[in-house]
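*Asks:* Predicted model and sequence follow; I will ask about them next.
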Amino acid sequence: MSVQITIRGVSEEVRDQLRVRAASRGQSMQQYLRGELTRLVAKPTVHEWLANVRTRKRLSKNRVTTESILQARDADRK
């Protein structure tokens, strides 16, 4: 089920730029904005991404120490 969203207080410059971007894709502004909103929510926020990384790290049995990283880095320098 779709719903309507109203955004107030958008400057004319922003509206005009959105209209230009939509036209360059051969879309109405409504089609363009719908696609952009869909694309926006498909990506996790920084907080969601970081929480996911922390969860995977916590669940992982592999632990890499700073010392082992530095040893591996310096291995070919000798």
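*Replies:* Good, I have the coordinates.
*Asks:* Show me the shaky parts of the chain.
*Replies:* Within the chain, the set of residues satisfying pLDDT under 70 comprises 78.
*Asks:* So which residue is smack in the middle of it?
*Replies:* Lys43 (4.3 Å; C-alpha atoms, centre = their mean).
*Asks:* what's the spacing between it and Trp49?
*Replies:* 9 Å (C-beta to C-beta, to the nearest Å). In this view, the C-beta of every residue, glycine as well, is placed from N, C-alpha and C.
*Asks:* Now Lys61: phi and psi?
*Replies:* Backbone torsions of Lys61, given as degrees, to the nearest 10, read phi -90, psi -20.
*Asks:* ok, back up a step: what about the residue nearest to the centre of the chain, distance to Glu36?
*Replies:* With distances taken as C-beta to C-beta, Lys43 is found 12 Å from Glu36.
*Asks:* Check Ile7 too.
*Replies:* Counting by C-beta to C-beta, the gap from Ile7 to Glu36 is 12 Å.
*Asks:* Contacts only, for Thr65.
*Replies:* Thr65 makes contact with no residue, according to C-beta atoms under 8 Å, 6 or more residues apart in numbering.
*Asks:* What about it? Give its phi and psi, please.
*Replies:* Taking degrees, to the nearest 10 as the convention, Thr65 sits at phi -90, psi 160.
*Asks:* Distance of it relative to Thr45?
*Replies:* 30 Å.
*Asks:* give me every residue that touches Val46.
*Replies:* Counting by C-beta under 8 Å, 6+ apart, Val46 has no contacts.
*Asks:* Show me how far the helix or strand harbouring Gly35 is from its chain's centre.
*Replies:* When secondary structure is defined by DSSP states H and E, Gly35 falls within helix 29-42. Mean-position distance between helix 29-42 and its chain equals 13 Å (C-alpha atoms, centre = their mean, to the nearest Å).
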